[in-house]
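Engineer: A predicted structure for the sequence below; I have some questions about it.
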Amino acid sequence: MSIKIGKRFIVLRSPEESHSGQRIPIILGRGLAFGSGEHETTRNCLEEMENIPVLPGSKVLDLGCGTGILSIAAARMGALSVTALDPDPDAIKTTTSNIQLNGVEKVVRPLQGELESLDEEDFNLIMANLYGDILLTLAGTFISFLKPDGYLLLSGIQYEYSYEVKTAVMKSGCPLVKSKYLEEYTTLIFRKESGS
């Protein structure tokens, strides 16, 4: 069963599944991680990625990668490199399998661990589809991994955390570009100021 998302993506359940048209295919095999494309936050992240101008030729961090769906989408949209980071070994196993299914091994690097596991701090785009309380604890940290003029795409934020997350990130030198209220969650997009 395929799922069309936004204007450009289609999520397929197997490499054998056919699709027509000009949509970018993302193949997801079976796995134990979150991110099938059916949840509103995953769908909205993919929809918003279509409009982020830094993607072609960029360095991307997918924080809490789950199935790797956002990492694969970034690779398909022309990212130079993508780090798919997750502390859960099942998520990394699923992501690794999906990377291979999509043939993006040269672009996407799966890595098990936390932010402290990273050996670089110069991403053009950081994506994190995580619960609001987790994002709140990370707000002051992941900004340091973002290049000036880089974008931060956050989703999975329950309404009650939306204001706090927004305020914490903005205080770190990232003005809000867009906010979108979904049925149960919020998506927030920020852009880091030059010199921050």
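Structural biologist: That came through fine.
Engineer: contacting residues for the residue nearest the centre of the chain?
Structural biologist: Central residue of the chain (CA atoms, centre = their mean): Met127, 3.6 Å from the mean position. Residues near Met127 by CB atoms under 8 Å, 6 or more residues apart in numbering: Cys45, Met49, Val60, Leu61, Asp62, Leu63, Leu70, Ala74, Leu153, Leu154. Heads up, the C-betas are built off the backbone N, CA and C, glycines and all.
Engineer: at 10 Å instead, please
Structural biologist: 45, 48-49, 52, 60-65, 70-71, 73-74, 82, 84, 151-155 (CB atoms under 10 Å, 6 or more residues apart in numbering).
Engineer: So which of the residues you listed belong to helices?
Structural biologist: Cys45, Glu48, Met49, Leu70, Ser71, Ala73, Ala74 (DSSP state H).
Engineer: Identify the residue spatially nearest to the third one, adjacent ones excluded.
Structural biologist: In space, and not counting its chain neighbours, Met49 is closest to Ala73: 5.8 Å by CB to CB, 6 or more residues apart in numbering.
Engineer: thought the one you found was touching Asp62?
Structural biologist: Yes - the criterion here is CB atoms under 10 Å, and Ala73 meets it with Asp62 at 9.2 Å.
Engineer: neighbour count winner among these two?
Structural biologist: The residue with more neighbours, out of Ala73 and Asp62, is Asp62; 33 against 30, by other CB atoms under 10 Å.
Engineer: nearest spatial neighbour of the more buried one, skipping sequence neighbours?
Structural biologist: Excluding the flanking residues, the one nearest Asp62 by CB to CB, 6+ apart is Ser71, at 4.3 Å.
Engineer: Give me the distance between the two termini of stretch 102-116.
Structural biologist: 28 Å (CA to CA, to the nearest Å).
Engineer: Which positions within stretch 186-194 qualify as buried?
Structural biologist: For stretch 186-194, the neighbour count (16 or more other CB atoms under 10 Å) marks Thr186, Thr187, Leu188, Ile189, Phe190, Arg191, Lys192 as buried.
Engineer: Mind checking which of the residues you listed land in helices?
Structural biologist: Among the buried residues of stretch 186-194, no member lies in helices (by DSSP H).
Engineer: Could you single out the nearest of these to Ser179?
Structural biologist: Leu188 (5.2 Å; CB to CB).
Engineer: All the strands of this protein, residue numbers only.
Structural biologist: 3-5, 9-12, 24-27, 59-63, 81-86, 108-112, 123-129, 146-158, 176-181, 185-191 (DSSP state E).
Engineer: what's the fifth one packed up against?
Structural biologist: Right, strand 81-86. Applying 3 or more CB pairs under 10 Å, 6 or more residues apart in numbering; DSSP states H and E, we find strand 81-86 packed against strand 59-63, helix 69-76, helix 89-102, strand 108-112, strand 123-129.
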